[in-house]
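Need a 3D model of the sequence below.
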Amino acid sequence: MSNIDELIEKLCPDGVSYTELGEVCEIFNGAAFKSEFFNTDDIGLPLIRIRDINTGFSSTFYSGEYSDQYIVNDGDLLIGMDGDFKANLWNHGTALLNQRVCRLQNFKGVLKDYIYYIVHNALKKIHDETSKTTVKHLSSRVLSDVTIPVPPLEVQEEIVRILDTFTELEAELEAELEARRKQYEFYRNEL
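Numbers count the residues shown, from 1 in each chain. A predicted model of the protein is given here:
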């Protein structure tokens with residue numbers, strides 16, 4: 001029996017409860033910033049658009065006025081609402097939350113990192129079930145209505161710890177694989 005199984009048996013013997021995502025956090029949508037204030041000259045703050053969620057790099061800056069509620073900081077949980085519906089923890093400095101990107105915030109009774117891991121499966125399911133014409137779209141309402149398991153915090157902490165470890169191992173394996181590819185190419189070229 002794993003540590004998680006033992007914790008669940010101990011802390012919730014009648015099973016894990018489920019609730020809608022909108023009950024445990026707020027889904028905050030980005031703003032439709034005025035394009036006349038967009039620039040590529042590093043003036044203002046970077047503007048996080050859908051394509052920037054995974055790369056962490058934005059070449060588009062915004063130099064107009066904005067409300068502080070649209071400021072994104074490191075550690076914020078963002079979701080792209082068009083295309084592939086990706087979730088990521090932002091770790092690339094202060095930026096602005098653009099339209100069609102949302103931030104999950106004001107978590108109640110759940111850990112943000114737990115929601116980060118658990119929301120991936122929900123987003124994949126929504127993506128697979130969403131029909132498209134040219135680009136798939138996700139609404140805040142659909143995201144809010146997603147049902148998720150909500151185990152006790154101690155169980156959430158253990159799940160996050162295990163998944164963080166796997167994520168670190170995966171990154172190390174990818175780095176090792178890349179090093180072996182370069183080594184192979186070097187010796188192949190030498191021969």
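
What is the longest helix along the chain packed up against?
Secondary structure of the chain read by DSSP state H shows that its longest helix is helix 153-190. With contacts defined as 3 or more CB pairs under 8 Å, 6 or more residues apart in numbering; DSSP states H and E, the packing partners of helix 153-190 are helix 3-11, helix 112-129. C-beta coordinates here come from the backbone N, C-alpha and C atoms, glycine included.

how about these in a markdown table, adding mean pLDDT, distance to Gly22 and mean neighbour count?
Output for these, formatted as a markdown table (pLDDT from 0 to 100; distance: least, CB to CB, whole Å; neighbours: other CB atoms under 10 Å):
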| stretch | mean pLDDT | distance to Gly22 | mean neighbour count |
| --- | --- | --- | --- |
| helix 3-11 | 76 | 24 | 13 |
| helix 112-129 | 93 | 12 | 16 |
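
Figure out which of the ones you listed is closest to Leu97.
With respect to Leu97, and counting by CB to CB, the nearest of these is helix 112-129 at 16.0 Å.

which is the next helix or strand following the closest one?
From helix 112-129 onward toward the C-terminus, using DSSP states H and E, the following helix or strand is helix 140-144.

No further queries at this time; thank you.
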